[in-house]
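Peer 1: What follows is a predicted protein model with its sequence.
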Amino acid sequence: MGQKVHPYGLRLGTIRTWTSKWYQDKNYATWLHEDLALRKAIKTKFSSAGVADVVIERAANKAKLMIYTSRPGIIIGRRGAGVDQLKAELQKLTKNELLIDIQEIRKSETNAQLVAENVATQLERRVAFRRAMKKAVSVAMKFGAKGIRVHASGRLGGAEIAREEVYREGRVPLHTLRADIEYGKATAFTPQGTVGIKCWIFKGEIIPQRARRAAQIAST
């Protein structure tokens, strides 16, 4: 089961929350498709900026976009000109007033989405898949990850038959709800076909608030 359920969806309500934070009855479908369009536009425009995640918060007629990136300078531009241009382009996709907040990711080596995209980029540049995957695993462990697992599937190395390869190090407890596991996936478009990359990174355990309170009561 641990491999068939999204690590974020499994942990909603315990240690994780939603990436779209709003509630709507009548305009649910409209807002949902707006969220998808906004995320797609940001990822397409800043494919080289290391955009790991986009969190959208809506309230009344305003929408706040928090963009998590490892290279904020590319998005911000000179004196904030990039943000103004991005806001103007995204405003065409929604009727709500947009607010954009850029958040920097300090350690891109331990962000699952960025690791998966990095491996995919190397495969597109014809780097040997074993070398790219092993390097991603070793670098993540070096930068403080408790465990990492990288999975690649497709025509690896240009082989005629597609296959799977997995490299792992440390612990990656997929079933443990208190385990803080980041998950990311990317696709490498090679001349032989597409290669799918998945990455799980274990960053330690987070004790939910209820369990913490119960432990404090039991100890007193």
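Peer 2: Nice, thanks for sending it over.
Peer 1: quick one: average confidence on the host helix or strand of A120?
Peer 2: Assigned by DSSP states H and E, A120 falls within helix 112-124. Across helix 112-124, pLDDT averages out at 94.
Peer 1: buried sites along that helix?
Peer 2: Burial within helix 112-124, assessed by neighbour count using 16 or more other C-beta atoms under 10 Å, is assigned to 112-123. All C-beta atoms are positioned from the backbone trio N, CA, C, and that covers glycine.
Peer 1: I'd like to know which elements it is packed against.
Peer 2: Here helix 112-124 touches strand 51-59, helix 129-142, strand 147-154, strand 179-190, strand 193-205, going by 3 or more C-beta pairs under 8 Å, 6 or more residues apart in numbering; DSSP states H and E.
Peer 1: who touches the longest one?
Peer 2: Around helix 129-142, the neighbours that count as contacts under C-beta atoms under 8 Å, 6 or more residues apart in numbering are 109-110, 115, 118-119, 122-123, 148, 150, 152, 156-157, 165, 167-170, 195, 199, 201.
Peer 1: And for stretch 80-98?
Peer 2: Under C-beta under 8 Å, 6+ apart, the answer for stretch 80-98 is 34, 37-38, 41-42, 45, 58, 61-65, 74-77, 100, 102.
Peer 1: Buried ones among those residues?
Peer 2: In these, burial by neighbour count holds for 34, 38, 41-42, 45, 58, 63-65, 75-76, 100, 102, counting by 16+ other C-beta under 10 Å.
Peer 1: Can you flag which of those residues belong to strands?
Peer 2: Counting by DSSP state E, the buried ones among the contacts of stretch 80-98 place 58, 63-65, 100, 102 in strands.
Peer 1: Would you mind listing where the protein has pLDDT under the threshold?
Peer 2: The model of the chain has pLDDT under 70 over residues 1-3, 210-216, 218-220.
Peer 1: can you list the domains in it?
Peer 2: Domain assignment of the chain by automatic domain parsing yields the ranges 7-104, 108-205.
Peer 1: so who does V166 touch?
Peer 2: Contacts of V166 by C-beta under 8 Å, 6+ apart are 149-152.
Peer 1: Which residue lies nearest the spatial centre of the chain?
Peer 2: Most central in the chain under C-alpha atoms, centre = their mean is Q113, positioned 3.9 Å from the mean C-alpha point.
Peer 1: Which residues are in contact with that residue?
Peer 2: 52-53, 182-186, 199.
Peer 1: just to revisit the earlier point, which of the contacts of helix 129-142 count as buried?
Peer 2: Of the contacts of helix 129-142, these count as buried by 16+ other C-beta under 10 Å: 109-110, 115, 118-119, 122-123, 148, 150, 152, 156, 167, 169, 195, 199, 201.
Peer 1: hang on, isn't H6 packed against Y183?
Peer 2: Yes - between H6 and Y183 there is a contact at 6.8 Å, judged by C-beta atoms under 8 Å.
Peer 1: Neighbour count for those two, which is higher?
Peer 2: Per other C-beta atoms under 10 Å, whichever of H6 and Y183 has more neighbours is Y183, with 18 against 10.
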